[in-house]
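Student: I'll drop the sequence and a predicted model, then ask my questions.
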Amino acid sequence: MTDKDQLPALKAGNKTQFSILVRDHHHALVALAIPIVGFSEAEEVVQIAWIKAYKAIASFEGKSKIRTWLSRIVINEAKMQLRARKKETLFSDLAGDGSDSDALADRFTQTGHWATPPATWHYDSPEALLMSDDLAQCLDRILTAMPNNQRAILEMRDSSELPFGEICNNLSISASNARVLLHRARAHLFKLVDHYQETGEC
Amino acid sequence: MLKCREVVDEADQFLSDDLPRHRQWRFRFHLLICKHCSRYVHQFQALKDATSFMHRKASDEEISRIMDSIDD
């Protein structure tokens, strides 16, 4: 069901429809909150965000995807929690480009040509590409091990589909820095999926 | 002549239509002559499209917990 199909019932306060929204987006929102407030507080932040979203959804105009709208509520709530606890924001830790190198660097020769070209991937749809149970566990491991700043940008851009400029504002980083971080995050995922597609293992 | 390494670095900008025109042509030409990079760019786009689906659906218990907190 598309966002457009869901919206009338959601705006009318239909709780069954809202529970479908929770089912589809809760884990993505927790994953978004983790690099901002940390693992232990992410669930609580998202729980509060859901309450606020339920109260506000009647005024949602549908100009963005629902996931994007929910993500903005989570990010605002996460910022408020950090301020309330008088924490130096984790956002400040997110600003640097870190020392992590490009995960695909070892796939190239010194002259810049492929030494190990990508495997041919087999998948029925984008939804199916990352959905296998085996891969899901490896994906969790990769995301957990990923530097905070890379994970934050990956979740904000590719999962929440926030505009690039908004992400740079949220994280107080330059567009060029954000591009480097996003590139590195995606390279980690590409390497994982490529290896899984080639070997069936990860 | 564009190197494969540069194709990987510029793939996102290419797919977002964000490369200056001359670099876009250079990129397109490289894809015509390099099957590895052509495959990379195609699969990179698929991965980008897949990322919004990478998170599992919430369990019934998780949904109940959230819905209960809304009812409170």
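Tutor: Nice, I can see it.
Student: Now the helix or strand hosting A:Met80: buried residues?
Tutor: Assigned by DSSP states H and E, A:Met80 belongs to helix A:66-84. Buried positions in helix A:66-84, judged by neighbour count with 16 or more other CB atoms under 10 Å in any protein chain shown: A:66-75, A:77-79, A:81-82. Where you see a C-beta, it was placed from the backbone N, CA and C, and this is true even at glycine.
Student: centroid residue for chain A?
Tutor: A:Glu155 (1.5 Å; CA atoms, centre = their mean).
Student: show me where chain B has helices.
Tutor: Using DSSP state H, the helices of chain B run over B:4-15, B:21-33, B:35-51, B:60-71.
Student: related to what we said a few turns ago, so how far is the helix holding A:Met80 off the chain centroid?
Tutor: Computed by CA atoms, centre = their mean, to the nearest Å, the chain-centroid distance of helix A:66-84 equals 13 Å.
Student: Return the residues of chain B in contact with chain A.
Tutor: By the rule CB under 8 Å from any CB of the partner chain, the part of chain B lying against chain A is B:3-6, B:8-9, B:12-13, B:36-37, B:39-40, B:43-44, B:46-58, B:62-63, B:65-67, B:69-70.
Student: at 7 Å instead, please
Tutor: Applying CB under 7 Å from any CB of the partner chain, one finds that chain B approaches chain A through B:3-6, B:8-9, B:12, B:36, B:39-40, B:43-44, B:46-58, B:62-63, B:66-67, B:69-70.
Student: circling back to that earlier point, format the helices of chain B as TSV; extra columns: mean neighbour count.
Tutor: Formatted as TSV, those follow (neighbours: other CB atoms under 10 Å in any protein chain shown):
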stretch	mean neighbour count
helix B:4-15	19
helix B:21-33	13
helix B:35-51	18
helix B:60-71	14
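Student: can you redo these as JSON lines with mean pLDDT?
Tutor: Below are the helices of chain B laid out as JSON lines (pLDDT from 0 to 100):
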{"stretch": "helix B:4-15", "mean pLDDT": "94"}
{"stretch": "helix B:21-33", "mean pLDDT": "96"}
{"stretch": "helix B:35-51", "mean pLDDT": "95"}
{"stretch": "helix B:60-71", "mean pLDDT": "95"}
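Student: Give me the contacts around stretch B:11-20.
Tutor: A:183, B:10, B:24, B:27, B:40-41, B:44-45 (CB atoms under 7 Å, 6 or more residues apart in numbering or on different chains).
Student: so what's A:Ser174 up against?
Tutor: For A:Ser174, the contact set (CB under 7 Å, 6+ apart) comprises A:Cys168.
Student: before we move on, what about the one 4 residues further on?
Tutor: Under the criterion of CB under 7 Å, 6+ apart, the neighbours of A:Ala178 are A:153, A:164, A:167-168.
Student: If we use 6 Å, what do you get?
Tutor: Applying CB atoms under 6 Å, 6 or more residues apart in numbering or on different chains, we find A:Ala178 in contact with A:153, A:168.
Student: Would you mark the buried spots in the helix ranked longest in chain A?
Tutor: Counting by DSSP H, the longest helix found in chain A is helix A:175-199. Neighbour-count burial for helix A:175-199, counted by 16+ other CB under 10 Å, picks out A:177-194, A:196-197.
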